[in-house]
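Student: Sequence isn't available, so here's the structure alone:
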């Protein structure tokens, strides 16, 4: 059996991936999640976690938010940690443009359904939302439309309702493609 291991910045990423991964992986691939306590913890402990992973036939996907940093620099730093671990050939690094919530802004119908706010379903027609990766503060944008939005609870509610093929976030599409690619024999 093949193993696909996700190294994640925090628990909201795990909530989302637990909804998406079963629909993207064949039964012959088992998923595992290593959740860090934020980006500094991730960068500090990631190489060690990779180096000490003992399950044979494993591949890895590293997922982190870009936040306000330069995407290229973030990816390069994470790739350096993969190289340091000796597992770079088995790793793919993916960056959520700005924040995980960019993925949710890529499917306003799922957001509308998750929070029983039908008026949100048509927001993807507005020019500002056609490219959700360009929104600098996607979590704040969600809070503007969904009062009381919280990262982990929001991920738990929205992710299972998302149409993974329709999502407008390019960084989400790249993550989805990476998951599919890493699951291949």
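Tutor: Cool, got the structure. None of these values were measured; they are calculated from a predicted model.
Student: For residue 8, grab phi and psi.
Tutor: Summarising the backbone geometry of residue 8 under the convention degrees, to the nearest 10, its torsions are phi -120, psi 140.
Student: Residue 97 too?
Tutor: Here is the backbone geometry of residue 97 (degrees, to the nearest 10): phi -60, psi 120.
Student: Same question for residue 45.
Tutor: phi -110, psi -10.
Student: what's the spacing between the helix or strand residue 158 falls within and its chain's center?
Tutor: Applying DSSP states H and E as the criterion places residue 158 in helix 151-158. Using CA atoms, centre = their mean, to the nearest Å, we find the averaged C-alpha position of helix 151-158 to lie 13 Å away from the chain's own average C-alpha position.
Student: what mean pLDDT does the helix or strand following that helix have?
Tutor: Taking DSSP H and E as the definition, the helix or strand that follows helix 151-158 towards the C-terminus is helix 170-183. Average pLDDT, helix 170-183: 97.
Student: Which strands and helices lie in contact with helix 170-183?
Tutor: Identification of packing neighbours for helix 170-183 by 3 or more CB pairs under 8 Å, 6 or more residues apart in numbering; DSSP states H and E yields strand 2-8, helix 11-24, strand 58-65, strand 91-96, helix 101-105. To be clear about C-beta, it is placed using only N, CA and C from the backbone, and glycine gets the same treatment.
Student: what's the angle between that helix and strand 91-96?
Tutor: Taking axes from the mean of the first three to the mean of the last three CA atoms, to 10 degrees, helix 170-183 and strand 91-96 form an angle of 160 degrees between their directions.
Student: Next, the buried residues of helix 170-183.
Tutor: Under the neighbour-count criterion of 16 or more other CB atoms under 10 Å, helix 170-183 has 171-176, 178-179, 182-183 buried.
Student: still on that earlier bit, give me the contacts around the helix holding residue 158.
Tutor: By CB atoms under 8 Å, 6 or more residues apart in numbering, the list of residues contacting helix 151-158 from outside reads 10-13, 15-16, 19, 100-101, 104, 107, 110-111, 114-115, 139, 142, 146.
Student: which residues touch stretch 76-92?
Tutor: The list of residues contacting stretch 76-92 from outside it, by CB under 8 Å, 6+ apart, reads 43, 46-51, 53, 58-62, 64, 93, 178, 181-182.
Student: Just the buried residues of these.
Tutor: When burial is judged by neighbour count using 16+ other CB under 10 Å, the buried members of the contacts of stretch 76-92 are 43, 46-47, 49-50, 53, 58-62, 64, 93, 178, 182.
Student: so, if you compare those, which one comes nearest to residue 128?
Tutor: Each of the buried ones among the contacts of stretch 76-92 was scored against residue 128 by CB to CB, and residue 64 proved nearest at 24.8 Å.
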